[in-house]
Every structure is written in structure tokens, then in C-alpha cells.
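Chemist: Curious how this folds, go ahead:
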Amino acid sequence: MKTKFKLQATASAGLESIVARELRNLGYQETVKIDDRSRVFFEGEASDIALANIWLRTADRVKIVVGEFTAKTFDELFNEVFALDWPEFLPLGSTFPVAKAKSVKSQLHNEPTIQSITKKAIVKRLQQYYHRPENLPLMEKGPEYSIEVLVHKDQVTVLLDTSGESLFKRGYRTEHGGAPIKENLAAAIILLTNWPANPLRPFVDPTCGSGTFCIEAAMIAMNIAPGLNRSFAFEKWPWFMTSVNLSELKDRARASEKRDLPLQIQGSDIDGKMVEIARHNTVAAGLENVVQYKQMRLQDFRSDALDGVIVSNPPYGERLDDEAKVRQLYREMGETFRPLKTWSKYIITADENFELAYENKATKKRKLYNGALKSYLYQYFGERVKN
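Modeler: Sure thing, here's the model as predicted:
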């Protein structure tokens, strides 16, 4: 079995540098390379695949790069895929769907045909290796190995997904509201704030919805690995699990947690039902004694504390049926937050006119994607607290 793998962590557009920073912090400094197509490459052993899945907060998936080559015809695609060392990855009896094909600016542009040709090439390779007749189909009843083929400017990348469900699915969000923010995007926004540098400061989400920002903040501060309470695709692969002690890796992660920090994390929402959902999700995350919630209008938030951080994903557009209500909410948000001069505020919204209604120009603005929805993170830095 291979001992070294070229790996790829995928991310939403705009988050690549955050994923790369996470990988470097995990110890992969020398091999991390950011791609301009929402991908971050790194290298590692089988145990590193497990560690990346357990620890990455802001990535979508971790994938093995099975092969890379140029192909401008379907014959070239077949031959190059056939030449890859599939027996290293796919035991006899494996289920191996070519689940996804994507082509951009390439001569091979028919994606269903790319999937079909790739599947045929792998089948023929395994039939020859395992001495199975070509006129009989391979029995695919074993563990699933999900394969992807990406073609960009005639350059083909063949990938094996190790994660299964996207890494934003931590396992704690049992319920959510109408427009939830994904857990990995919430974590990325928190990592873009100045709060993790000193997490003992107040952290407030005054539009908490299902509690995602508050839960992710607590997990970051307490060094709780986001993948501890979920499963991954690689756990069903016999060759992988015989080389990696997953239980030991998770035990080490739990031993590194900082559960005794005196955190000040608070969430509130005008909708009492959402506050109850947030509480349920926080219990599912094992953080019910860490995060405090209450039902409250955003406009009623007050604090005498200094140097706090506000992170908010307020309603906008499709989430409020009246444009005038949106403008009023943003204006009142600006009025409510203005007295908190030493607090930093980070507000994500798809509304490009947010600053006008909020009546304050952001210190910085960063384009992000909440799913397919283009959004902006408006960052307002607080005044420095004098000692």
C-alpha cells in the first residue's frame, strides 16, 4: 500500500487561505500549496488523511489525488485512467461510483461521458488485475470509494473522496432555521476576527438563529476538534483502517481540549423557537454549560464590557419579505452597536448596500460565499482598549 499521498482539501471560494493556515498549524507547512480553484494541496500518510478530516474546521472535504494528466480525447482519458494504480485503492468487490465529473474550458466537455469513460477504464483495469472475465461485470457490493474527475483546460485530476458527507456536517446541528450558515463558513468567519487571539473576551451573536456561530466559537476556543462526533468515508475502507488507529487519534484530540476556560459566549434571537433550537444544538455539541442564550431583540442589546466581539448573520433579502424592514433593521443595528466603541463587529450579509443602511463604512470588506450565495463580511474594528 502507498505510504505517501498527494491530498486536496476543498474549500468555498475565498476561504482557501484559511484552510491553508489550518493545514500549516497542523504541521504540513512544507507541502501546503494554494490553488486558484478553491483547492489547497498538501501531502501526508494515511494517518494525516484522518487527522485532516478530524481537525479541519473550514474545509469542505479531504480527497486523495489518484492521478493528474493531460487528456484532449476520450481515448486519452481512457488510457490515462486505466494506467493509474487502482488496485492500490480498490479491493475486489469494492463499490466505486464515479460520482462527479466537471469540465471547464476543455475539449472534453461532456461530463456524463467523462464519468462513463472513467468508470469503464477502472473496471477494465480491475478485471485484468483480479483476473476477472471482461464479459462479466464486477460485483460491487463492498465498501464505497467515491471517485471524482475534474477537467480544467485539458488537465485532468482524478480524486478519491475520503470524507463522505461534507465536513461542515459536524453532527451537532439537529435542527436549523430557514437560512442557516454552514458550520465551516461560521468557523472561517470567527477565525477571520480578532477574537481567537484572546477568547476570554466577550463573544456575542445577537441574531444567533440555530447557534452555529456560538458553538463554533466555543469549539475554537476550547480546541475541540470539529470531526470528533461524526464518521468519514475512509472508516469503511479495510486497507485504511488496518494502517490507522482512528480511536487513538481521536483520544489524542480529546486530550488536547481546554475545557476549563472561563468563556463569555452569548447568543440571542428575537425568535423564541430559534433560541430553543440553538439550545438543543448546543446540548448536542456538549457545550450547554459554555454558551448562554436568551430571547431578545437585537435592538435591546447593551453591554458595559470592553473589547468584545460581535459576529452576526442578520436577515436579508429573501429572509425578510419587505425591503424597508431590511433597511430599518440595518439602521437600528448600526445605532445599537455604535456606543460599543471598543467592540469589533463582523457582519455577513448578501446585501451589497449594507453599509449605507448601517450608516458606517466598514474597516474592511471580504467577499465570501454562503453556499452559492455571494456575500460580504463587513468588518468594523474596535478602538484599542487603554491599559
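Chemist: Show me what the lengthiest helix in the chain is in contact with.
Modeler: Longest helix of the chain, by residue count under DSSP state H: helix 111-129. With contact meaning C-beta atoms under 8 Å, 6 or more residues apart in numbering, helix 111-129 is reached by 74, 77-79, 81-82, 84, 86-87, 90, 92, 96-98, 100-103, 108, 132-134, 137-138, 147, 149, 151, 158. No exception for glycine: its C-beta is placed from N, CA and C like everyone else's.
Chemist: Check which residues of that helix are buried.
Modeler: Going by neighbour count (16 or more other C-beta atoms under 10 Å), the buried part of helix 111-129 is 114-115, 117-127.
Chemist: try stretch 361-379
Modeler: Along stretch 361-379, these residues count as buried under the neighbour rule (16+ other C-beta under 10 Å): 362, 368, 369, 370, 375, 376, 377, 378, 379.
Chemist: hmm, back to that, from the buried residues of helix 111-129, which is closest to residue 264?
Modeler: The shortest approach to residue 264 among the buried residues of helix 111-129 belongs to residue 115, at 50.8 Å (C-beta to C-beta).
Chemist: State the pLDDT value of that closest one.
Modeler: Note on residue 115: pLDDT of 98.
Chemist: Please determine how far it is located from residue 81.
Modeler: Distance from residue 115 to residue 81, counting by C-beta to C-beta, to the nearest Å: 11 Å.
Chemist: Give me the common contacts of those two.
Modeler: Joint contacts of residue 115 and residue 81 (C-beta under 8 Å, 6+ apart) are residue 149.
Chemist: Restricting to C-alpha, output stretch 342-357 in PDB.
Modeler: Taking Å, rounded to 0.1, in the frame of the first residue of the first chain, the C-alpha atoms of stretch 342-357 are listed here in PDB:
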ATOM      1  CA  THR A 342     -14.100  49.200  21.800                       C
ATOM      2  CA  TRP A 343     -16.000  46.200  20.400                       C
ATOM      3  CA  SER A 344     -15.200  44.800  17.000                       C
ATOM      4  CA  LYS A 345     -18.200  43.800  14.800                       C
ATOM      5  CA  TYR A 346     -18.200  41.300  12.000                       C
ATOM      6  CA  ILE A 347     -21.400  41.100   9.900                       C
ATOM      7  CA  ILE A 348     -22.000  38.800   7.000                       C
ATOM      8  CA  THR A 349     -24.800  39.600   4.500                       C
ATOM      9  CA  ALA A 350     -25.500  39.300   0.800                       C
ATOM     10  CA  ASP A 351     -26.800  42.900   0.800                       C
ATOM     11  CA  GLU A 352     -24.200  45.000  -1.100                       C
ATOM     12  CA  ASN A 353     -25.800  48.200   0.200                       C
ATOM     13  CA  PHE A 354     -25.400  47.200   3.900                       C
ATOM     14  CA  GLU A 355     -23.000  49.900   4.800                       C
ATOM     15  CA  LEU A 356     -25.400  52.600   3.500                       C
ATOM     16  CA  ALA A 357     -28.300  51.400   5.700                       C
END
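Chemist: Give me the mean pLDDT for it.
Modeler: On average, stretch 342-357 scores 95.
Chemist: who's in contact with stretch 308-315?
Modeler: Contact with stretch 308-315 is made by 179, 181, 189-190, 193-195, 201-207, 209, 213, 217, 298, 326, 329-330, 333, 337, 340, 342-349, 382, as judged by C-beta under 8 Å, 6+ apart.
Chemist: er, stretch 226-243 I mean
Modeler: Outside stretch 226-243, the residues touching it (C-beta under 8 Å, 6+ apart) are 1, 46-47, 49-50, 53-57, 89, 91, 143-146, 161-165, 167, 169-172, 183, 187, 216, 219, 246, 250, 253-254.
Chemist: Fine by me, we can end here.
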